[in-house]
Structures are given as C-alpha cells and as structure tokens.
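> fold the stuff below for me.
(one chain, ligands or ions: 1)
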Amino acid sequence: MSSSPVALYGFTRPELVALVTGWGMSAVHAARLWKYLYLEGMDDFAAMSELPARLRSRLETETMPGRLAIARETHSSDGFTRKYLLALGDEHRIETVLMRYTGRTTACISSQVGCAMGCVFCATGQMGYTRHLTPGEIVAQAVHVDRVLRHTAEENPALSEADHFSPHHRHERLRNIVLMGMGEPLHNYDAVMKAADILCDGAGMGLGAKKITLSTVGVVPGIIRMTDEKRQMHLAVSLHGATQAERLALVPAARAWPLDALMDACRYYTETLDRRIFFEWTLIEGKNDGPDQAHAVGALLKGMQAQVNLIPLNPTSGYAGLPSHNTAAKRFQEILAGYGLPSTVRQRRGIDIGAGCGQLAVAEG
Ligand code: SF4
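The predicted structure is shown next:
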C-alpha cells in the first residue's frame, strides 16, 4: 500500500476502472464512483451508498478525491467575479477565478504554481516558477467551481437577485474553462491535456473541448504538438508586440521562441485544423497601443483565421505601465478591421480583487 493516499481527480476513467478492478472489484462500481465524483460532485466516500462497503473502505484508506481547501475567498464589488485562493497538498497555494459575464459562467484555472515565462506586466510572472500542477490539481479547480455553482443558492439563501451567481442560476453547472490562470499551460503540457481529457469525459463533467480555451505565451513546440494531436480546445496566443524586438521587451519567452517561429506554428495550427486563433494583446498606454503597432499587427495577421482580443493592462505592483484609454483601444480596433481582422476589447472586471488578466499571484512561504 502506498504511504500517502492518491488523488482520484488525477485519474482518467479507464485508469479508475483499472484501479478498482485491480482490487478485484467490478468495473460497474468504478463507473458508479466516477459518476459520484463528477456528476454528483460528491467527495465523501462514506456517503457513496451504492458502492460496496469493502470498496468504500479501500478508497478511504488508499485514496482521496483531491479536493482543494479554500484558504481565502474574495468577491468583486460588482458581483461578477469571485476569486479563490486554494491550498494544495503541500505548502503551496494557487488562485482560481469564477466569472459571470454576459450571462455565462467561466472558470479561469491555473496550471502551475507561479510561472517561468516572466512576462513583465504579469503578477504571476513576477513571482517566478515554483512547480507544475498535477492533473488532479487542475481538475480539482474545475470541480471546485462546479460545486460552487451548484450549491451557491442553497448555502447562501440570503443572497439577493442582484447577486449574479444566485438564486435564479441555482443548480447551474460549469460549462466554460479558460486556462489563463497562473502558469503557462503548454509548459505543463501532459498534465494539462490529461486534465482536459478527464473534464471532457462524457460520463462525468462532460465539458465540450470547444468550451475550453488554452492561453499560451507562445510555446512553439506545444502549439505544434496540439496541432498534431488535433486538440479541439480553443487556442489563444499572447502576442503583445508585432516585431521580435517589441515583443521581447514584454515577453522574455520570445527569446526561446522568436516571432517568426511562433507565426509559423500558428499558421500550421490554423491551416491544419482549419481553426481560428485568438491573439491577445495587452494594451499599455504609450507603449504598444499606437496606430503604427495596430498596422503592424494587421500586416502580421492579415489573411489568417484570427481574432484579436485587446486587454487594457491591469495593474500589478511590479510593473509601472498604465492601461490604454478607450479611445486608443477603439482606434486600434478600427485599424485592425481595415485588415479584415475581428477584435474585441475585454471588459475590465475583477480588478478590485486582483482577479483580472495578469493579476493572479500568491505570496509564497
Ligand atoms: S502572462 Fe501567462 S505566461 Fe506570462 S508570466 Fe503571466 S502566467 Fe506566465
């Protein structure tokens, strides 16, 4: 018997079946356990009354679901965003964000403790890299948000209609995930893809792969591998600069994966999979929000299946830049439109609780 219990959220369904049948018990019970975990959101083995007692007892001694304890929860003042500081099994913590914008709920999930990519304007990058998350720790974040959505109304009967998470949204399930939390998901490729497979399993959470968006700083080998594996999730690529020199000033990872190689990989993705890429552009006043940069982006992406998401900079303690004004964002969009490129300007939400893009970070130690 292993000394520490294994976390079941890190198991695919076939692996769970192998575990249970390896104990000499039926695959039918493994299938029921999977439903308890993901369809019913249960994590108390003792309450899983349809499982035989000897299976429950074995689960209790040798495994755990892998639920992450909430170390802190904060709600934005406008009621649209909740941020959770979740405790991992060791001394580390991560942040996970639940958003309700334009009538849909989305979980922003972390893939690493910290990040090695060092984007200058990003709080996670400013804290450095600590470790990869396991598949189970990635899945557990989605399970946590799903549980919140299901139980918010019951647990908080006093919540008013004005709260965007209840009560008329009761019994809602998580349907959208963005891998845009702490960490670079393609730096932790195997764990992220295994977690996505677990979350998309039709007998469990049943998320559609196209309801998951993976955001990368531009890890070229990962983009090529996603393409070769015909991964169905959406891909977002952080661009931020339209020349190698301008990009490198904001994104140190551009040294390892220069702009030319990145664009080659992006074209390989869009042409092989016949899918669009979302290019993310953090708008920093006076730095990369001028008409010349907009024209450079237009020329770079012209003819590609692409959409540009413009994100006015969110404040972090380690970077002095300011967000662009609405007029600059609008002008940027108009120029992109001239190149046939659709674009959006991301709403700034959750800023008051440090839950906006590039703001996630936890104090370590
Ligand atoms: S923006 Fe993403 S890739 Fe860059 S440092 Fe932050 S978490 Fe890492």
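
> quick one: residues contacting the closest residue to the ligand within the stretch 51-200 of the chain.
Residue nearest to the ligand within the stretch 51-200 of the chain (CB to the nearest ligand atom): residue 125, separated by 2.6 Å. The C-beta positions use only the backbone N, C-alpha and C, and glycine is treated the same way. Contact analysis of residue 125 by CB atoms under 8 Å, 6 or more residues apart in numbering lists 115, 117-119.

> cool, residue 221 as well?
For residue 221, the contacting residues are residue 186, by CB under 8 Å, 6+ apart.

> what's the longest strand in the chain?
strand 93-101 (DSSP state E).

> contacting residues around that one?
Residues contacting strand 93-101 (CB under 8 Å, 6+ apart): 68, 71, 80-88, 105-110, 113, 133, 137, 141, 144-145, 148-149, 164-165, 169, 181-182, 347, 349-350, 355, 360-362.

> filter those by proximity to the ligand?
residue 182 (CB under 6 Å from any ligand atom).

> does the longest strand of the chain come close to the ligand?
No - using CB under 6 Å from any ligand atom, strand 93-101 stays clear of the ligand, coming no nearer than 11.0 Å.

> now do the buried residues in that strand.
93-100 (16 or more other CB atoms under 10 Å).

> now the residues you listed in TSV, with pLDDT?
TSV is the format used below for the buried residues of strand 93-101 (pLDDT from 0 to 100):
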residue	pLDDT
93	96
94	96
95	95
96	96
97	95
98	94
99	91
100	84
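
> which residues does the residue of the stretch 251-365 of the chain with the smallest separation from the ligand contact?
At 5.6 Å from the ligand, residue 358 is the closest residue in the stretch 251-365 of the chain, using CB to the nearest ligand atom. Residue 358 sits next to 119, 121-124, 282, 313-314, 316 when contact means CB under 8 Å, 6+ apart.

> dump the residues you listed to TSV, plus neighbour count and distance to residue 19.
Formatted as TSV, the contacts of residue 358 follow (neighbours: other CB atoms under 10 Å; distance: CB to CB, whole Å):
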residue	neighbour count	distance to residue 19
119	22	39
121	23	44
122	26	38
123	23	38
124	27	34
282	28	44
313	22	46
314	21	42
316	21	42
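
> identify the farthest-apart pair in the residues you listed.
124 and 313 (14.7 Å; CB to CB).

> and the pLDDT at the residue of the stretch 51-200 of the chain closest to the ligand?
With respect to pLDDT, residue 125 has a value of 88.

> hang on, it in a helix?
Yes - counting by DSSP: H, G, I helix; E, B strand; the rest coil, residue 125 is located in a helix.

> for residue 84, grab phi and psi.
Phi and psi for residue 84, reported as degrees, to the nearest 10, are phi -120, psi 130.

> give the contact list for residue 197.
For residue 197, the contact set (CB under 8 Å, 6+ apart) comprises residue 12.

> how close does the residue lying closest to residue 86 once chain neighbours are set aside get to residue 190?
Closest residue to residue 86 in three dimensions, ignoring its sequence neighbours and counting by CB to CB, 6 or more residues apart in numbering: residue 68, at 4.0 Å. Applying CB to CB, to the nearest Å, the value for residue 68 to residue 190 is 20 Å.

> pull out the buried members of the contacts of strand 93-101.
Buried subset of these (neighbour count, 16+ other CB under 10 Å): 68, 80-86, 88, 105-110, 113, 133, 137, 141, 144-145, 148-149, 164-165, 181-182, 349-350, 355, 360-362.

> among those, which are located in helices?
137, 141, 144-145, 148-149 (DSSP state H).

> same list (those residues) but as a markdown table, adding distance to residue 221.
Output for these, formatted as a markdown table (distance: CB to CB, whole Å):
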| residue | distance to residue 221 |
| --- | --- |
| 137 | 23 |
| 141 | 25 |
| 144 | 31 |
| 145 | 30 |
| 148 | 35 |
| 149 | 35 |
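
> and which of the residues you listed is nearest residue 216?
After measuring these against residue 216 - CB to CB - the closest member comes out as residue 141, at 18.2 Å.

> what's near enough to touch the closest one?
68, 86, 94, 96, 107, 109-110, 181.

> check residue 341 too.
The contact partners of residue 341, taken as CB under 8 Å, 6+ apart, are 297-298, 301-302, 306-308.

> do residue 117 as well
Counting by CB under 8 Å, 6+ apart, residue 117 touches 125, 184, 187, 217, 251-253.

> alright, calling it a day.
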